[in-house]
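>>> kindly return the folded structure for what I paste below:
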Amino acid sequence: MKLFVLFLFLQFNLWAHPHSFIDVFVTVFGEKNVQRLDVVWLFDDMTSASFLCDFDANKNGEFEKNEITDFKKNVFDGLKRYAYYTHITIAGKKVKTEPYDFDIHQENKRFSLRFSINLLPYAGQKKVIGFWDEELYCALSLEKEHIASSIKYSLKEVSNVYYYGYALEL
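Here you go, the predicted model:
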């Protein structure tokens, strides 16, 4: 019986896979201390096609103010309960921040969104910024080539039974 239950558990886990793939790009602002992060998400072709179809209401290939507001309200704001897939630890303690300067674009038929995070209040403290999704089956990928920073950092993979992601240590 135990073997049967284990088999069922493993079989269901094999079916779990990401539904959206997001390439993450990060720009770190500050000379000695991190003051701000600009984060860009570039979505896979399938997710992009869906977002472009749903939120480019006039189908002109550009997002007007009302379309941006609609996407932010109906999609991005709902990610608040997931920390916007941006998990921040300052001096060993989890911190919640509110992204600002939100915008969306289309880049070569791929959907892109951008937001900023203010880290100025935490100047001089060790920061770990993680990018992952624990529940909604999004795979976030951050590569060294996607990081622009004059401040020394390290990039580490985060692996878990249910998700994987990346942590940027500053």
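
>>> give the residue spans of the protein that score low on pLDDT.
Applying pLDDT under 70 to the chain picks out residues 1-18, 161-162.

>>> same thing but 50
Per-residue confidence of the chain (counting by pLDDT under 50) places the weak regions at 1-15.

>>> where along it do the helices fall?
Counting by DSSP state H, residue ranges of the helices within the chain are 2-15, 45-55, 65-74.

>>> where do the strands sit along the chain?
In the chain, strands defined by DSSP state E lie at 20-29, 36-43, 86-90, 93-95, 100-107, 110-118, 127-131, 138-148, 154-159, 164-169, listed in chain order.

>>> okay, the ones you listed, which one's buried deepest?
Relative to the other members of these, strand 127-131 carries the highest mean neighbour count by mean count of other C-beta atoms under 10 Å, namely a mean of 21. The way it works is simple: take the backbone N, C-alpha and C, and place the C-beta from them, glycine included.

>>> what strands flank that strand, and is each parallel or antiparallel?
Each strand pairing with strand 127-131, determined using DSSP bridges, is listed with its direction: strand 86-90 (antiparallel), strand 164-169 (antiparallel).

>>> quick one: those as JSON lines, columns for distance to residue 61 too.
Written out in JSON lines, the entries for the strands paired with strand 127-131 read as follows (distance: least, C-beta to C-beta, whole Å):
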{"stretch": "strand 86-90", "distance to residue 61": "28"}
{"stretch": "strand 164-169", "distance to residue 61": "31"}
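
>>> out of these, the one nearest residue 56 is which?
Residue 56 lies closest to strand 86-90 among the strands paired with strand 127-131, at 25.1 Å (C-beta to C-beta).

>>> which other residues reach that closest one?
By C-beta atoms under 8 Å, 6 or more residues apart in numbering, the list of residues contacting strand 86-90 from outside reads 39, 94-97, 99, 117, 119, 122, 125-132.

>>> ditto for stretch 142-157
23-28, 30-34, 131, 164-170.

>>> closest to the centroid, which residue in this structure?
The structure's the chain has its C-alpha centroid closest to residue 85; by C-alpha atoms, centre = their mean the separation is 4.5 Å.

>>> separation between that residue and residue 65?
Taken as C-beta to C-beta, to the nearest Å, the spacing of residue 85 relative to residue 65 amounts to 25 Å.

>>> one more: residue 92?
When distances are taken as C-beta to C-beta, residue 92 and residue 65 turn out to be 40 Å apart.

>>> try residue 19
29 Å.
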